[in-house]
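Student: what's the 3D shape of this:
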Amino acid sequence: MRSETISSRAEARAAGSPWGASLRGFGNVFRKELSSWTGTRSRWVHPLVWLAVLIGPLLLPLYLMREVFAAQAAGVLAMGLEMFFTLAALAPAVGAVLLMQGSVITERQLGTAAWVLSKPVGRSAFLLAKLTANAAALLIAATLLPGAVAYGLLSLEHGAPLALDSFLRALALDAVNVLFYLTLTLALGALVNNRGVVLAVPLALLLGGDLVLSLAPGLASVTPWVLGRFAAVVAQGQALPSAWPVLASLGWCVVLLAAALWRFGREDL
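Tutor: Numbering: from 1, shown residues only. Here you go, the predicted model:
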């Protein structure tokens, strides 16, 4: 009740600003989107799935195939860090695409979006609430929770707590990668009316990034394709190789979101 009151007051204050009409109803849409995570089996299914996907492989170097990984020059700890942070950039990004690929386009095609927007809900609020609610839920379930478990397991391997600041900065790099693909998929859902495009384009960029970089390595500085590798480096206490991929990825998120807001705001639903 108190959170609803605070949200209502915030929306009332926003009503007098230039963004007021477009952000009207943000709180209601945000709560509706979040309830699909917290009010269903997703509240425990998603965390368990992501723990299995990200922590399961980590058990190979730490326990199940320890002798094999110990024979590597990098050592068990370094191999474990690289495995976790590389996978933590890839798998949740795939999850973000699958999660968001129907979030906007389905509601547009079924007419649900038109019905929601016939209520006191602004078009910008509709998209922004979907993005923030799903980003928050996915990053908690697929990045923070597995990250906390991985930190504990890898610290045990190290014999002492790992440098927490380095570990958190590495998690932040993976989170930026996930946010990029989440925003890209949501934006495509607002920009085009073809579900195949909404699904195929992000997955092609995600899975084909290494191939493209092998042909055009200069693209590394303007894409999120190296963030997983950078995260593994930063987690080991080394400096971030370059800030450009991070800045570029966040910049693309802003550009994609702005394009989606512009197009969706002018669409005849």
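
Student: count the neighbours of residue 162 for me.
Tutor: Neighbour count of residue 162, defined by other CB atoms under 10 Å: 20. Where you see a C-beta, it was placed from the backbone N, CA and C, and this is true even at glycine.

Student: and the gap between the spatially closest residue to it that is not a sequence neighbour and residue 161?
Tutor: Among residues not flanking residue 162 along the chain, residue 155 sits closest, at 5.1 Å (CB to CB, 6 or more residues apart in numbering). Residue 155 is 5 Å from residue 161, where distance means CB to CB, to the nearest Å.

Student: out of the two, which sits in the busier spot?
Tutor: Set side by side, residue 155 and residue 161 show more neighbours around residue 155, with 16 against 12, by other CB under 10 Å.

Student: quick one: name whatever helix or strand follows the helix or strand that contains that one.
Tutor: Using DSSP states H and E, residue 155 falls within helix 145-158. On the C-terminal side of helix 145-158, the closest following helix or strand by DSSP H and E is helix 164-191.

Student: report the central residue of this structure.
Tutor: residue 178 (2.9 Å; CA atoms, centre = their mean).

Student: does that one touch residue 93 like I think?
Tutor: Yes - Residue 178 lies in contact with residue 93 (CB atoms under 8 Å); the separation is 5.2 Å.

Student: next, count neighbours for residue 44.
Tutor: Neighbour count of residue 44, defined by other CB under 10 Å: 10.

Student: per-residue pLDDT, it?
Tutor: Looking at residue 44, its pLDDT stands at 89.

Student: state the three-state secondary structure for it.
Tutor: Recorded secondary structure, residue 44: helix (DSSP: H, G, I helix; E, B strand; the rest coil).

Student: residue 23 versus that one, what's the distance?
Tutor: The gap separating residue 44 from residue 23 is 32 Å, by CB to CB.

Student: what ranges do the helices span in the stretch 1-150 of the chain?
Tutor: Remark: helices assigned in the stretch 1-150 of the chain by DSSP state H, counting those that start in this stretch are 2-14, 20-23, 26-38, 42-55, 59, 66-70, 76-100, 105-110, 112-117, 123-139, 145-158.

Student: now these as a markdown table including distance to residue 204?
Tutor: Output for the helices of the stretch 1-150 of the chain, formatted as a markdown table (distance: least, CB to CB, whole Å):
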| stretch | distance to residue 204 |
| --- | --- |
| helix 2-14 | 38 |
| helix 20-23 | 32 |
| helix 26-38 | 26 |
| helix 42-55 | 21 |
| helix 59 | 31 |
| helix 66-70 | 32 |
| helix 76-100 | 10 |
| helix 105-110 | 17 |
| helix 112-117 | 26 |
| helix 123-139 | 21 |
| helix 145-158 | 26 |
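
Student: nearest to residue 248, of the ones you listed?
Tutor: Of all the helices of the stretch 1-150 of the chain, it is helix 76-100 that lies closest to residue 248, at 15.2 Å by CB to CB.

Student: got the angle for that closest one vs helix 145-158?
Tutor: Helix 76-100 and helix 145-158 are oriented at 170 degrees to each other (axes from the mean of the first three to the mean of the last three CA atoms, to 10 degrees).

Student: buried residues in helix 76-100?
Tutor: Neighbour-count burial for helix 76-100, counted by 16 or more other CB atoms under 10 Å, picks out 76-97, 99-100.

Student: tell me what it is packed against?
Tutor: In terms of contacts (3 or more CB pairs under 8 Å, 6 or more residues apart in numbering; DSSP states H and E), helix 76-100 is packed against helix 42-55, helix 66-70, helix 123-139, helix 145-158, helix 164-191, helix 195-215, helix 227-235.

Student: adding distance to residue 243, write those helices out as CSV.
Tutor: As requested, these are exported to CSV (distance: least, CB to CB, whole Å):
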stretch, distance to residue 243
helix 42-55, 26
helix 66-70, 31
helix 123-139, 21
helix 145-158, 21
helix 164-191, 10
helix 195-215, 18
helix 227-235, 10
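
Student: which of these has the lowest average pLDDT?
Tutor: Looking at these, the lowest mean pLDDT belongs to helix 66-70 (a mean of 72).
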